[in-house]
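S.K.: have a look at this fold, sequence not included:
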Ligand SMILES: *[C@@H]1O[C@H](CO)[C@@H](O)[C@H](O)[C@H]1NC(C)=O
Ligand SMILES: *[C@@H]1O[C@H](CO)[C@@H](O)[C@H](O)[C@H]1NC(C)=O
Ligand SMILES: *[C@@H]1O[C@H](CO)[C@@H](O)[C@H](O)[C@H]1NC(C)=O
Ligand SMILES: *[C@@H]1O[C@H](CO)[C@@H](O)[C@H](O)[C@H]1NC(C)=O
Ligand SMILES: *[C@@H]1O[C@H](CO)[C@@H](O)[C@H](O)[C@H]1NC(C)=O
Ligand SMILES: *[C@@H]1O[C@H](CO)[C@@H](O)[C@H](O)[C@H]1NC(C)=O
């Protein structure tokens with residue numbers, strides 16, 4: 001059941017019960033890192049070697065009720081201040097909802113959280129996700145992902161926040177703070193330069209030091225600011241060495257520890273290679289799943305770490321440090337008291353089996369938040385709105401928002417509008433129906449998905465007649481649309497994680513191209529040829545070609561991304577205007593793949609080396625340097641209203657700069673503006689013209705004006721200086737650009 005809510009409620013609705021810890025979530029005590037480390041140190045002194053090993057080695061892929069687990073000591077440990085009982089620490093996917101479990105919410109994906117450009121919603125999503133993981137007894141949420149979308153076809157790009165490091169960093173920070181505020185450990189992944197699916201189990205990403213710091217490391221740095229509990233080392237090699245035994249990355253003098261990371265490093269499932277000592281001495285704290293997968297693994301497991309300690313190849317001190325880091329993260333979030341027991345069984349994802357207690361962790365608040373983020377992440381790319389004149393002036397005749405009193409015949413066209421085939425499999429390779437999430441371990445439960453056809457039919461009720469053609473058939477679609485007051489055409493493109501079976505419509509994780517699937521582009525053009533009020537909805541995991549959108553009969557285009565289970569209701573909110581669109585593109589949409597300047601390596605004789613020769617120049621940075629104009633630029637998105645910007649001022653505050661300006665709603669609809677701030681470095685810095693350094697969500701009623709402030713920290717004004725191995729603020733003049741997208745700059749200043 002869903003009901004449209006007035007926009008004002010939607011805007012101010014935060015999950016108050018969630019914040020207060022009511023509604024199934026127990027109160028818990030967080031400790032400081034110091035307290036947690038001290039307790040963990042005291043604990044490790046009392047453990048036998050077998051008990052220590054149990055805490056850092058997974059129990060095996062098929063032996064756990066979670067996606068991963070460890071073996072805790074079978075006894076309680078008496079400490080000076082408390083008695084500690086360590087449970088089997090449960091690790092589970094995924095970053096958009098609890099996977100392999102029933103009675104959970106299918107939350108919006110990371111890329112849609114990014115499209116909101118709303119820190120409020122990013123954090124609220126983290127809180128809500130974690131409430132469900134906690135409710136199911138999961139201690140470690142395997143996310144968020146913060147892999148940079150180096151190429152738009154990258155299979156898992158939709159799990160994180162796109163090609164911009166600052167946006168990924170803010171997304172990672174807010175998500176982790178949200179997750180951990182509920183007492184659930186977050187796991188920053190995939191460390192690092194894990195940017196394509198083909199050959200991922202061994203390709204080497206070779207990245208120069210400056211690029212690594214400014215692009216790929218940036219969101220991990222923000223994760224450490226958020227006190228992230230764990231980091232997942234990736235499948236790929238980095239600079240020719242496996243990420244999970246790469247000292248330059250995870251060693252005591254490596255990137256993570258030098259960056260202040262205090263949690264533990266856990267391997268991606270099967271990402272361990274070579275000997276136990278190679279990994280332990282390089283800084284890998286925990287191996288998952290602990291046994292052998294075809295691709296690797298079973299390095300600490302199968303007696304490997306035990307033998308290495310007995311032989312002296314791994315010192316007892318090192319083993320103790322590994323255990324202490326795992327325990328400190330667990331203790332810091334207070335997971336030793338009042339934590340719900342595991343009440344599901346990932347080995348029985350259909351919900352059967354004795355260990356599934358069928359406990360629902362869904363809530364009205366989570367459904368409402370999913371719907372709110374779905375609507376707030378929908379990007380309105382085109383709106384040719386015509387309105388009535390005369391006595392009833394201002395009512396929409398064509399375009400959005402649809403006026404219920406004017407539109408009496410509606411065609412719904414395309415297989416993306418219908419219920420997906422939910423029996424596809426637990427990896428989510430469902431593309432027969434609406435696309436709300438990609439496939440693989442980042443997928444979520446589709447059990448309660450509300451497809452567009454259902455939501456629209458329920459909303460429209462008796463106010464209009466609906467004709468539908470829920471396939472991509474090029475004759476039936478136009479036949480349904482011909483002569484209708486409104487045709488809404490749906491099309492999609494999907495991608496996911498590479499695994500043994502994960503080839504969907506010929507795409508092996510990474511997409512093969514940037515076309516809409518199943519001739520979606522042709523379907524749209526054929527419908528537009530017969531209906532002069534064609535509204536197009538695109539569900540996609542990332543950039544797709546939209547060159548057909550200039551068609552004169554396409555009155556509106558909504559890029560809805562991969563919005564999670566409330567896909568239908570969130571679109572109703574946008575199309576009929578209960579919510580004024582405020583989503584923004586977290587990437588550029590170009591006319592040609594070459595505009596992105598990078599390529600997926602599909603074909604190789606063995607694991608390739610991929611040298612990141614483009615350096616800093618991804619997406620808008622590359623297009624700007626090459627003088628390529630995208631069809632829709634980074635940060636772009638329309639509203640039903642208009643906003644004016646004025647009065648830019650720049651002040652200093654300590655080492656930071658504070659940028660202030662006014663925004664007023666000058667149009668006829670209440671709405672939310674997403675002002676963006678781009679920084680232009682002095683020429684000597686070697687940066688492109690403008691890089692994102694700020695954004696906000698500003699809610700404005702008609703005629704209302706607000707002052708917005710954004711600050712730029714010293715680090716955000718710095719570049720990574722390789723010789724000094726430090727962040728250095730270049731000398732010279734900085735330019736501040738404030739606007740509604742990277743191309744729509746309204747105010748400029750300098751310091
Ligand atoms: C705990 O032990 C680690 C090394 O094992 C050490 O670095 C740390 O300072 C200790 N912390 C406390 C609070 O004793
Ligand atoms: C990776 O290799 C590049 C090229 O040799 C080098 O500049 C960079 O410092 C290396 N990074 C790490 C973390 O090892
Ligand atoms: C991270 O931990 C430090 C030290 O315990 C604390 O001062 C800081 O407020 C924490 N930050 C967040 C975002 O939790
Ligand atoms: C659009 O098509 C309808 C009939 O389907 C027609 O009545 C209307 O005049 C057309 N509008 C325009 C602007 O061509
Ligand atoms: C637009 O739609 C009308 C029908 O309403 C059709 O006659 C016309 O040919 C269409 N225009 C184009 C360019 O396809
Ligand atoms: C617009 O916002 C104002 C102030 O919050 C509110 O009073 C008014 O009802 C809103 N208008 C609409 C159409 O939602």
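M.R.: Sure, I can see it. Just so you know, these numbers come straight off a predicted model, no measurement behind them. Ligands and ions are numbered 1, 2, ... in the order given.
S.K.: CA only for contacts and neighbour counts going forward, please
M.R.: OK.
S.K.: and the spatially most central residue of the chain, its phi and psi?
M.R.: Nearest to the geometric centre of the chain sits residue 110, at 1.6 Å (C-alpha atoms, centre = their mean). Backbone torsions of residue 110, given as degrees, to the nearest 10, read phi -60, psi -40.
S.K.: quick one: the strands in the stretch 451-600 of the chain?
M.R.: Listed in chain order, the strands of the stretch 451-600 of the chain (DSSP state E, counting those that start in this stretch) span 465-469, 486-493, 503-504, 507-508, 534-540, 554-559.
S.K.: so which residues make contact with the third one?
M.R.: Where contact means C-alpha atoms under 8 Å, 6 or more residues apart in numbering, the residues beyond strand 503-504 that reach it are 429, 495, 509.
S.K.: can you list the strands that that strand pairs with?
M.R.: strand 507-508 (antiparallel) (DSSP bridges).
S.K.: looking at the stretch 601-750 of the chain, which residue is nearest ligand 4?
M.R.: residue 640 (20.1 Å; C-alpha to the nearest ligand atom).
S.K.: correct me, but that residue touches residue 580?
M.R.: Yes - Residue 640 is in contact with residue 580 according to C-alpha atoms under 8 Å; the separation is 6.1 Å.
S.K.: okay, the residue in the chain positioned nearest to ligand 4: pLDDT?
M.R.: Nearest residue of the chain to ligand 4: residue 483, at 4.2 Å (C-alpha to the nearest ligand atom). For residue 483, the pLDDT comes out at 96.
S.K.: need phi/psi at it.
M.R.: Dihedral angles (degrees, to the nearest 10) for residue 483: phi 80, psi 0.
S.K.: could you do residue 216 as well?
M.R.: For residue 216, the backbone dihedrals (degrees, to the nearest 10) come out as phi -80, psi -30.
S.K.: burial count for it?
M.R.: 28 (other C-alpha atoms under 10 Å).
S.K.: swap in residue 317?
M.R.: Neighbourhood size, residue 317 [other C-alpha under 10 Å]: 10.
S.K.: need the three-state assignment for it.
M.R.: Three-state call for residue 317 (DSSP: H, G, I helix; E, B strand; the rest coil): helix.
S.K.: for residue 291, which non-adjacent residue is closest in space?
M.R.: residue 298 (4.1 Å; C-alpha to C-alpha, 6 or more residues apart in numbering).
S.K.: dump the residue contacts of that neighbour.
M.R.: Residue 298 neighbours (C-alpha under 8 Å, 6+ apart): 270, 272, 287, 289, 290, 291, 292, 304.
S.K.: over to residue 251?
M.R.: 257, 281, 282, 283.
S.K.: nearest to residue 58, of those residues?
M.R.: residue 283 (16.7 Å; C-alpha to C-alpha).
S.K.: please name the nearest non-neighbouring residue to the closest one.
M.R.: Residue 283 sits nearest to residue 251 (C-alpha to C-alpha, 6+ apart), 4.6 Å away.
S.K.: quick check, the residue in this protein closest to ligand 5?
M.R.: Counting by C-alpha to the nearest ligand atom, the chain gets nearest ligand 5 through residue 529, at 3.6 Å.
S.K.: run a quick neighbour tally on that residue.
M.R.: Residue 529 has 17 nearby residues by other C-alpha under 10 Å.
S.K.: would you check that it makes contact with residue 552?
M.R.: No - counting by C-alpha under 8 Å, residue 552 is not a contact partner of residue 529; they are 9.2 Å apart.
S.K.: hmm, back to that, name the nearest residue to the residue of the chain closest to ligand 4, sequence neighbours excluded.
M.R.: Of all residues not flanking residue 483 in the chain, residue 531 sits nearest, at 6.2 Å (C-alpha to C-alpha, 6+ apart).
S.K.: for residue 565, same thing?
M.R.: Here the residue nearest residue 565, using C-alpha to C-alpha, 6+ apart, is residue 449, at 4.1 Å.
S.K.: kindly confirm my reading that the one you found is in a strand.
M.R.: No - looking at residue 449 with three-state DSSP, it is coil, so not inside a strand.
S.K.: pLDDT score for it?
M.R.: Residue 449 carries a pLDDT value of 96.
S.K.: before we move on, what about residue 391?
M.R.: Looking at residue 391, the pLDDT reads 84.
S.K.: number of residues surrounding it?
M.R.: Residues lying near residue 391 (other C-alpha under 10 Å) number 6.
S.K.: near ligand 3, which residues of the protein?
M.R.: 32, 33, 177, 225, 226, 227 (C-alpha under 6 Å from any ligand atom).
S.K.: ligand 5 next: which of those are close?
M.R.: Filtered for proximity to ligand 5 (C-alpha under 6 Å from any ligand atom), the residues of the chain next to ligand 3 leave an empty set.
S.K.: ranges for the helices of the stretch 101-250 of the chain?
M.R.: 110-116, 119-135, 165-181, 209-211, 218-225, 247-250 (DSSP state H, counting those that start in this stretch).
S.K.: hang on, the earlier thing: isn't the residue nearest to the centre of the chain up against residue 167?
M.R.: No - assessed by C-alpha under 8 Å, residue 110 is found out of contact with residue 167, at 11.1 Å.
S.K.: which residues do the two both contact?
M.R.: Shared contacts of residue 110 and residue 167 (C-alpha under 8 Å, 6+ apart): residue 161.
S.K.: picking up where we left off before, phi, psi of the residue of the stretch 601-750 of the chain closest to ligand 4?
M.R.: phi -80, psi -20.
S.K.: show me what contacts it?
M.R.: 400, 401, 580, 581, 667, 668, 669, 671.
S.K.: hang on, residue 316 packs against residue 309?
M.R.: Yes - the criterion here is C-alpha under 8 Å, and residue 316 meets it with residue 309 at 6.6 Å.
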